[in-house]
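**Student:** Curious how this folds, go ahead:
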Amino acid sequence: MASTSITDFYLPPEHLSKIESLLLRESPSMAGHLYTAQEVEATDLRYIAVPVDQSIGSITRKFPDGPTYFVFTAAKVANAAIARFQGFQCIVITASLPFRVVHVLRHFTSNQNLCNYIRFGTAVSEPVGEALRTREEAVEHLYETDMPNSSDEQAILAYQLNHLVVYLITAHEIGHFALGHRQIHTAHFMDETDRKTDPVALALKRALEWDADSFAFAATVYLALSDFRKEPMVASLLTDPQTSLRAVALAAYCFFSVMDSSKNQDIAVEERTHPRPLVRMGLVTFKLAAMMQPLGWMMLEDSLAIMAETNRAFEVTLFEIAGGVMEKELAERLTTELDAEFDQLLSILDKTTSGLDRSRLSDLAWAKFL
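**Tutor:** Here you go, the predicted structure:
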């Protein structure tokens, strides 16, 4: 886990053309210049590559399907996907996705109240004043605004949180493979693109996305409370279970907020391939909290309280730094969607997962809590 090299898992040059062809054919929005390993090592992408490399290395080493690689594309869309070929699979991540997230995180960690909450659990004060923007407009405003001046400590915290985000993104894509989803989705490519199709098939796709989210959160939380404490990049942040959970929850909530602002959320629920990003955060909350107790780290109610506090800390900080507030209509719609999706997707997973090949989970200690 201590290695910072990307040479083990970055896509070998001889496979670049296969990814290029697949992107152009099946996901043109993700098509663009594919960075070579040398280009990654020579740019700021090397900082993003480290948690991707760690995620692949910590999860897939004993998979019997050939190597899992990753590659960055210069496409402007914020997206990630997994592509499968004979003898190997490859996670494709647009460089704009992690850079967009860290840009927003730099704004958030410039707020000392939020830093104190993450590091020490200090409660944030309730906001005062009138909203200037909608929630979505506020997130977009932060991305379009230059990163603020901040202390070295605040900047480091942003990159530590982004480290967790990138690990989570990678683990989600690995999850599709590890959980046997390829038995259902036989195409070479599984991406985040909305395609209108049969409502039953779309509901199944949303259920599998939740399944992959649960896998990714379980992997990230387990490592945040164990092996990640040995990592120089994040060891100073992940000092105890409560701080680690706050960090993972804040990182994830920020990631889903960025994805929420970059997608068209007006699509009807039944026409989506994915639950709305903020609904996805709600769907995994109970899964994430439930695994803390059997691991001996935290009681269920305490975990749920921390995650609710963290979501609130994000919303209060967004108001303070960008004048954005979650509108009542949006909050009500998210609650309605969450309730409806939870019941439906849980039912689908109960009927589906028993027929999927989950053998790759046997060597993952934390997977028994999924």
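**Student:** hey, where'd the helices end up in this protein?
**Tutor:** All helices of the chain, identified by DSSP state H, fall at 16-26, 37-41, 45-60, 96-109, 112-120, 135-144, 152-178, 199-224, 241-262, 277-292, 300-322, 328-352.
**Student:** Quick one: neighbours of residue 333, just the number.
**Tutor:** Residues lying near residue 333 (other C-beta atoms under 10 Å) number 16. All C-beta atoms are positioned from the backbone trio N, CA, C, and that covers glycine.
**Student:** How about residue 304, nearest residue that isn't a chain neighbour?
**Tutor:** Of all residues not flanking residue 304 in the chain, residue 289 sits nearest, at 4.8 Å (C-beta to C-beta, 6 or more residues apart in numbering).
**Student:** Quick check, that neighbour in contact with residue 310.
**Tutor:** No: using C-beta atoms under 8 Å, residue 289 is not in contact with residue 310, being 11.6 Å away.
**Student:** And residue 323, its phi and psi?
**Tutor:** phi 70, psi 20 (degrees, to the nearest 10).
**Student:** In contact with it, which residues?
**Tutor:** By C-beta atoms under 8 Å, 6 or more residues apart in numbering, residue 323 lies in contact with 129, 131, 132, 133, 138.
**Student:** tell me which of these is nearest to residue 114?
**Tutor:** residue 138 (14.4 Å; C-beta to C-beta).
**Student:** give me the number of residues near that closest one?
**Tutor:** 22.
**Student:** can you check residue 212 too?
**Tutor:** 23.
**Student:** Ok, residue 27 next?
**Tutor:** Quick note: residue 27 (other C-beta under 10 Å) scores 21 neighbours.
**Student:** Tell me where the model's unsure across the protein.
**Tutor:** 1-7, 185-197, 227-229, 262-266 (pLDDT under 70).
**Student:** Mark which of the contacts of residue 323 are part of strands, please.
**Tutor:** Mapping these onto strands (DSSP state E) picks out residue 133.
**Student:** May I see the contacts of residue 323 arranged in JSON lines, with distance to residue 39 as well?
**Tutor:** Supplementary listing: these in JSON lines, determined by distance: C-beta to C-beta, whole Å:
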{"residue": "129", "distance to residue 39": "45"}
{"residue": "131", "distance to residue 39": "42"}
{"residue": "132", "distance to residue 39": "40"}
{"residue": "133", "distance to residue 39": "37"}
{"residue": "138", "distance to residue 39": "34"}
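**Student:** Now rank the contacts of residue 323 by neighbours and give me the top one.
**Tutor:** residue 138 (22 neighbours).
**Student:** Not counting sequence-adjacent ones, nearest residue to it?
**Tutor:** Closest residue in space to residue 138, ignoring its immediate chain neighbours: residue 324 at 2.1 Å, by C-beta to C-beta, 6+ apart.
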